[in-house]
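> Sequence and predicted structure below; questions after.
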Amino acid sequence: MASAVALERVVKSFGKLEVLSGIDLDVAEHEVVCLIGASGSGKSTLLRCVNLLEPVDAGRILIHGDDITAPGVDQNRLRRRIGIVFQAFNLFPHMNVLENVTLAPRKALRMGAKDANERGIELLERFGLADKRDEFPDRLSGGQQQRAAIVRALAMEPDIMLLDEVTSALDPELVGEVLGVIRDLAKGGMTMLVATHEMGFARETADRVCFLDRGRILEQGPPERIFTAPSEPRTQEFLRRIIEAGRM
Amino acid sequence: MATALASTVVVLTVLVVIAVTSPGWDEFRAKFLDGDLFWTSLPEIARAFRLNVKIFSISEVLILILALGIAVLRSLPGPVFFPIRLLAIIYTDVFRGIPTILVVYMLALGIPALLLSDANWYRSAVVWSIVALTLVYSAYVAEVYRAGIQSVHPSQEAAARSLGLSRWQALRFVVLPQAVRRVIPPLLNDFIGLQKDTALVAIAGPVEAFRQAQIAESANFNFTPYLCASLLFLLLTIPLARFTDWLIERDRRRFLASGGS
């Protein structure tokens, strides 16, 4: 069976700076893959390429075997199958939580307002946000905003979720509630590609951890091996700095 | 507060004394401040002022629509849309560059002179004056809208597109509602300018407030009617100016209350 996501020699540059230098990566269905690595190692760019928010310069990206980087691909259609959650939440500030959640189902899937609301309310209930549905984003805590952003992505019933440092903008005491939601998604079998600085989370939730360095996947494997016995010196160096910073 | 009041009274008193003790004061008062003429000419000028109100009301609606269209065209990304962007740029440059009075003159006198139709609306200077004001002010307001569109962070569009919304849907439901909200104060500012500029229509013939004041002036050899016209304009522009300031202040307070984010 084709991988849920497959990257083949993906290259992406911004001007002269090559951010992804030939990435090969396969994500199986129901697999949770965590991307770790220093800032600027290309984690976010990789996710944005999978969502076609950034066009790739070379290489291919396949979703369930379909080449999404081929010319003429219906990007809007494709993005409905791939949810992405951003570090900065990016909720729509002029809409309340429920409107945030139902906008895409109503406009992109042409779902009726009643059905979209039902689906939205059900999801908000599942993620403990039912009482916040009429609030505007600026009235919510960071953790609530990020959970609302996750619900907003889930409302499109995506096959794959891309999470881009979703806890990095949160106060430490709010990180747990968001990670809890992601753990639940993983348990539910959601295929996920997760860029993260939360090593504890990666270790416990990921099926596989990929260490990105200078636009390449330098090392990958099951979390227990990457975190306890990394073979590459640069991985060892990165993990040593993480431990020194008290983040693991 | 007391200091502000005192200094205001002092300044006003000094100005009044300077005017009243000036050598030409008596002549000035007779020519510009004729109380009787003020009240007798006011009703007809006020009636003519209704034309100004009509002109700017219609223009404002048209401007809101046309300017938004131009701003959206100018915000289209990518090389494919370059010709459209170029046209939008030429439009804003040309109509911001020509004095409004010339545009009114050329359209209101020129287009009917082409004799393309016998219809009443075609020969009406008022219609072409409205078109002229709409063209000129849309160029300004389009830039205001465009600034608003650019002030919405690109991550908002990315979030909308990532959910599967088309570029147009992202613009329509996510970017524009935020952009328009932010530009309402500067937009009203342009409308204050527009309301005054309806007086320019007089040069093409229609009898609006300024033209009516001119008629009264030449009939009486007295400038007081202009005072009537001025006050009528102030009656509309000052409340709008106060409302605009209130909106700006309210937005500033909200911005501060939300932690300035």
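Everything's here; your move.

> mind listing the strands for chain B?
Per DSSP state E, chain B carries no strands over any range.

> Centroid-nearest residue for it?
B:Leu194 (2.0 Å; CA atoms, centre = their mean).

> I figured it hits B:Ile63, correct?
Yes. Between B:Leu194 and B:Ile63 there is a contact under CB atoms under 8 Å: 7.4 Å. From N, CA and C alone the C-beta is placed, and that goes for glycine too.

> Need the overlap of contacts for the two.
B:Leu133, B:Tyr137 (CB atoms under 8 Å, 6 or more residues apart in numbering or on different chains).

> what about the helices in the stretch 51-200 of chain B?
Counting by DSSP state H, counting those that start in this stretch, the stretch 51-200 of chain B has helices at residues B:82-97, B:100-113, B:120-123, B:125-151, B:154-162, B:167-170, B:176-197.

> For chain A, which of those helices is the nearest?
helix B:154-162 (3.8 Å; CB to the nearest CB).

> quick check, the biggest helix by length in chain A touching chain B?
Counting by DSSP state H, the longest helix found in chain A is helix A:172-187. No. Using CB under 8 Å from any CB of the partner chain, helix A:172-187 stays clear of chain B, with a minimum separation of 15.8 Å.

> export the helices of the stretch 51-200 of chain B to JSON lines and tack on distance to A:Ile160 and mean pLDDT?
As requested, those are exported to JSON lines (distance: least, CB to CB, whole Å; pLDDT from 0 to 100):
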{"stretch": "helix B:82-97", "distance to A:Ile160": "35", "mean pLDDT": "94"}
{"stretch": "helix B:100-113", "distance to A:Ile160": "56", "mean pLDDT": "92"}
{"stretch": "helix B:120-123", "distance to A:Ile160": "59", "mean pLDDT": "87"}
{"stretch": "helix B:125-151", "distance to A:Ile160": "31", "mean pLDDT": "95"}
{"stretch": "helix B:154-162", "distance to A:Ile160": "12", "mean pLDDT": "95"}
{"stretch": "helix B:167-170", "distance to A:Ile160": "21", "mean pLDDT": "93"}
{"stretch": "helix B:176-197", "distance to A:Ile160": "29", "mean pLDDT": "92"}
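
> Give the burial count for residue 241, as a bare number.
Picked chain A for this. A:Arg241 is flanked by 11 other residues according to other CB atoms under 10 Å in any protein chain shown.

> oops, chain B please
14.

> repeat for B:Ile101
Neighbours around B:Ile101, by other CB under 10 Å: 17.

> That one touches B:Leu200, doesn't it?
Yes. The criterion here is CB under 8 Å, and B:Ile101 meets it with B:Leu200 at 5.1 Å.

> tell me the SS of the residue most central in space within chain A?
By CA atoms, centre = their mean, chain A has its centre lying nearest to A:Leu163, at 1.5 Å. For A:Leu163, the assignment made with DSSP: H, G, I helix; E, B strand; the rest coil gives strand.

> list the contacts for it?
A:Leu47, A:Ile84, A:Val85, A:Ile182, A:Met192, A:Leu193, A:Val194, A:Ala195, A:Thr196.

> who does it bridge with?
A:Val85, A:Val194 (DSSP bridges).

> what residues does chain A put near chain B?
Residues of chain A lying near chain B (CB under 8 Å from any CB): A:51, A:53, A:75-77, A:79-80, A:82-84, A:86, A:88, A:90-94, A:103-104, A:107-109, A:138, A:152-153, A:156.

> ok so, going back, Throw the helices of the stretch 51-200 of chain B into a markdown table and include distance to chain A, thanks.
Listed next are the helices of the stretch 51-200 of chain B as a markdown table, based on distance: least, CB to the nearest CB, whole Å:
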| stretch | distance to chain A |
| --- | --- |
| helix B:82-97 | 19 |
| helix B:100-113 | 34 |
| helix B:120-123 | 39 |
| helix B:125-151 | 13 |
| helix B:154-162 | 4 |
| helix B:167-170 | 5 |
| helix B:176-197 | 5 |
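
> Measure how buried B:Leu116 is and give me the count.
If we define neighbours as other CB under 10 Å, then B:Leu116 has 10 of them.

> same thing with A:Leu17?
9.

> Distance of it relative to B:His153?
As judged by CB to CB, to the nearest Å, A:Leu17 and B:His153 stand 22 Å apart.

> cool, and A:Arg214?
29 Å.

> cool, B:Trp121 as well?
45 Å.

> neighbour-wise, which of those two wins?
For B:Trp121 versus B:His153, the count of surrounding residues by other CB under 10 Å is larger for B:His153: 13 against 9.

> and the nearest residue to A:Ala130 once chain neighbours are set aside, what pLDDT?
Nearest non-adjacent residue to A:Ala130, counting by CB to CB, 6 or more residues apart in numbering or on different chains: A:Leu124, 5.1 Å away. Here, the pLDDT recorded for A:Leu124 equals 95.

> Assess the claim that A:Leu124 and A:Val97 are in contact.
Yes. At 6.9 Å, A:Leu124 and A:Val97 qualify as touching, with contact defined as CB under 8 Å.

> Dump stretch A:95-104 to CSV, restricted to CA.
Output of stretch A:95-104 as CSV, limited to C-alpha atoms (Å, rounded to 0.1, in the frame of the first residue of the first chain):
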residue,chain,number,x,y,z
MET,A,95,-14.9,35.3,14.0
ASN,A,96,-15.9,33.5,17.1
VAL,A,97,-14.6,30.0,17.8
LEU,A,98,-17.5,28.2,16.1
GLU,A,99,-17.3,30.4,13.0
ASN,A,100,-13.6,29.7,12.9
VAL,A,101,-14.3,26.0,13.0
THR,A,102,-17.2,26.0,10.5
LEU,A,103,-15.9,28.4,7.9
ALA,A,104,-14.0,25.9,5.8
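
> what's the offset of it from the middle of its chain?
20 Å (CA atoms, centre = their mean, to the nearest Å).

> do the same with stretch A:56-64
17 Å.

> ok, for B:Phe243, nearest residue in space, not its chain neighbours?
That would be B:Leu188: by CB to CB, 6+ apart, it lies 7.0 Å from B:Phe243.

> okay, the closest residue to B:Gln214 other than its chain neighbours: pLDDT?
Among residues not flanking B:Gln214 along the chain, B:Ala202 sits closest, at 7.1 Å (CB to CB, 6+ apart). For B:Ala202, the pLDDT comes out at 91.

> And for the one 5 residues further on?
B:Val207 carries a pLDDT score of 89 in this model.

> I figured it hits B:Ala216, correct?
No. Using CB under 8 Å, B:Val207 makes no contact with B:Ala216, being 11.0 Å away.

> Who has more neighbours out of those two?
Using other CB under 10 Å, the more surrounded residue of B:Val207 and B:Ala216 is B:Ala216, with 23 against 16.

> follow-up on the earlier one: what's the burial count for the residue nearest to B:Gln214?
Neighbours of B:Ala202 using other CB under 10 Å come to 24.

> again, but for A:Leu162
28.

> which residues does it contact?
With the criterion set at CB under 8 Å, 6+ apart, A:Leu162 makes contact with A:Leu47, A:Val50, A:Asn51, A:Ile82, A:Gly83, A:Ile84, A:Val85, A:Met192, A:Leu193, A:Val194.
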